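S.K.: From the sequence below, what's the structure:
(one chain, ligands or ions: 1)
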Amino acid sequence: MTFRATILTLYPEMFPGHLTFSLAGKALERGQWSLDAVQIRDFAEDRHRTVDDTPAGGGAGMVLKPDILAKAIDSVSENDSRPRLLMSPRGKPLTQERVRELAGGDGVVIVCGRFEGVDQRVIDARNLEEVSIGDYVLSGGEPAALTLLDAVVRVLPGVMGNALSGTHESFENGLLEHPQYTRPQMFEGREIPAVLTSGNHAAIEKWRLEESRRLTLERRPDLIPGHPVTK
Ligand code: SAM
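M.R.: From the prediction side, this is the model:
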């Protein structure tokens, strides 16, 4: 089954962007996922193709109009059970767990905001799930949508060569990944930790788990509560 991504945007030419490279690009070529970028402006009704208007109550910037956006959403997702996401700094932070859930479905419809954002009524009326990629403000939802898709596509079945390589990574088990090393054995006076070249697989696993716990406690203690290692 092909995972279908439909993007609603004022800048369709920004897609597929970096997703034509590497794993995602190969998977796109192989037809493991598809991408369709739809121009929101095509649903405007006036001759200037207006999609935004001033914020009710005053203030800076412009707001995407609900009627135009609703028509754009309906054109791609009526009778369609794919989740409808709105990229938004106000949204729930994207997690690897949500990424895996999305990858398990048929696809996604993603609305990319611009200006000051989107009229609340279309968010409510079309049941848009607001998703944030971090606590900072981008100038538009497109880089956020590309980021989300990058994360989802790489965990689609058959996209990663080694099926195991996704499951040991940061966030997959509630921890950050342990440090990685490769040859040469000595780099500018720094050696690969001896345990990693010992051939003792149990000791290597133990070292990796301890390093994961150490890094997580040091950098992201907020990740720890749900994890069994805290018990
Ligand atoms: N006025 C909005 C606020 O303060 O929450 C910010 C609007 S931002 C300039 C324009 C668009 O960029 C948003 O509608 C959203 O689609 C996108 N965007 C910005 N930051 C984002 C983030 N951290 N995660 C996801 N989307 C983001």
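
S.K.: any bit of the longest strand that the chain contains sitting next to the ligand?
M.R.: Secondary structure of the chain read by DSSP state E shows that its longest strand is strand 84-93. Yes: using Cβ under 6 Å from any ligand atom, strand 84-93 comes into contact with the ligand via Met87, Ser88, Pro89, Arg90. Using the backbone N, CA and C atoms, a C-beta is placed for each residue, glycine as well.

S.K.: So what touches that strand?
M.R.: With contacts defined as Cβ atoms under 8 Å, 6 or more residues apart in numbering, strand 84-93 is touched by 73, 77, 98, 108-113, 117-118, 123, 126-138, 141, 144-145, 148.

S.K.: From those, list just the buried residues.
M.R.: 73, 77, 98, 108-113, 117-118, 123, 126, 128, 130-133, 138, 141, 144-145, 148 (16 or more other Cβ atoms under 10 Å).

S.K.: Just give the closest residue to the most centrally placed residue in the chain, not the sequence neighbours.
M.R.: With distances taken as Cα atoms, centre = their mean, the chain has Leu148 as the residue nearest its mean C-alpha position (1.6 Å). Setting aside the residues directly before and after it, Leu148 is nearest to Leu94 in space (Cβ to Cβ, 6 or more residues apart in numbering), at 6.0 Å.

S.K.: How much space separates that neighbour from the ligand?
M.R.: Plainly put, Leu94 is 8 Å away from the ligand if you go by Cβ to the nearest ligand atom, to the nearest Å.

S.K.: can you give me the helices for the chain?
M.R.: With helices called from DSSP state H, the chain shows them at 22-29, 66-77, 96-103, 120-125, 142-154, 201-219.

S.K.: Could you dump these into CSV and include distance to Tyr181 and mean pLDDT?
M.R.: CSV is the format used below for the helices of the chain (distance: least, Cβ to Cβ, whole Å; pLDDT from 0 to 100):
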stretch, distance to Tyr181, mean pLDDT
helix 22-29, 22, 97
helix 66-77, 46, 97
helix 96-103, 24, 98
helix 120-125, 46, 98
helix 142-154, 23, 98
helix 201-219, 11, 97
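
S.K.: Could you say which of these is packed most deeply?
M.R.: helix 142-154 (a mean of 22; mean count of other Cβ atoms under 10 Å).

S.K.: Please name every helix or strand in contact with that one.
M.R.: Contacting helix 142-154 under the criterion 3 or more Cβ pairs under 8 Å, 6 or more residues apart in numbering; DSSP states H and E are the following elements: strand 3-9, helix 22-29, strand 84-93, helix 96-103, strand 107-112, strand 129-132.

S.K.: so what strands line up beside the longest strand of the chain?
M.R.: strand 107-112 (parallel), strand 129-132 (parallel) (DSSP bridges).

S.K.: mind listing what the nearest residue to Ala70 once chain neighbours are set aside touches?
M.R.: Leaving out its chain neighbours, the residue that sits closest to Ala70 by Cβ to Cβ, 6+ apart is Val122, at 5.1 Å. Counting by Cβ under 8 Å, 6+ apart, Val122 touches Leu64, Pro66, Asp67, Leu69, Ala70, Ile73, Leu128.
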